[in-house]
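> No sequence on hand, only this structure:
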């Protein structure tokens, strides 16, 4: 997938997502409201997130990365980076909320890194120790809840 390939998304969303992709491919940061709940408790639905372009070789485990998928774009946490025999990379992501793994992502799908979030009039330090503890607590509680039921 290159920056020129249009994502396969519903017609009404195409102009906005195309603009986001174009701006990131031009090296510009973008800011928009998070449309889903997959990154709770780190990012809540409706929080304003800022995404800055990033080279695939600069991403690190734990980063929240915006990347292209067949149906549009997704921002999830990078969990693992793997290298195949040919030397190319694939990236493994999952949501904070459900802990489900996404399909492996190739370097050319990566658009940018979520660098900040704001919600309810306050800046959220998404990479702080406090947020990491909150995320860990959420994951443990979710697993315990599933185990009990």
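That came in fine, so what should we check first? No experiment lies behind these values; they were computed from the predicted model shown. Residues are numbered from 1 along each chain as shown.
> end-to-end on stretch 52-60?
Using CA to CA, to the nearest Å, the end-to-end distance of stretch 52-60 comes out at 14 Å.
> Now that stretch: buried residues?
52-54, 56, 59 (16 or more other CB atoms under 10 Å). C-beta here means a position set from N, CA and C on the backbone, and glycine is covered the same way.
> Which of those residues fall in strands?
52-53 (DSSP state E).
> now, the most widely separated pair of the buried residues of stretch 52-60?
By the measure CB to CB, 52 and 56 form the most distant pair in those, at 13.9 Å.
> From residue 53, how far off is the residue sitting nearest the centre point of the chain?
With distances taken as CA atoms, centre = their mean, the residue of the chain nearest its centroid is residue 75 (1.8 Å). Here residue 75 is placed at a distance of 14 Å from residue 53 (CB to CB, to the nearest Å).
> And residue 135, by the same measure?
25 Å.
> Next, the buried residues of the biggest strand by length in the chain.
Counting by DSSP E, the longest strand found in the chain is strand 72-83. For strand 72-83, the neighbour count (16+ other CB under 10 Å) marks 72-78 as buried.
> what's that strand in contact with?
Applying CB atoms under 8 Å, 6 or more residues apart in numbering, the set of residues contacting strand 72-83 from outside is 7-9, 13, 17, 20-21, 34, 38-39, 42-43, 49, 51, 59-67, 89-96, 101-102, 104, 111, 114.
> Adjacent strands (with direction) for that strand?
Based on DSSP bridges, the pairing partners of strand 72-83 within the sheet are strand 64-69 (antiparallel), strand 89-94 (antiparallel).
> what does the average pLDDT come to for that strand?
In this model, strand 72-83 carries a mean pLDDT of 94.
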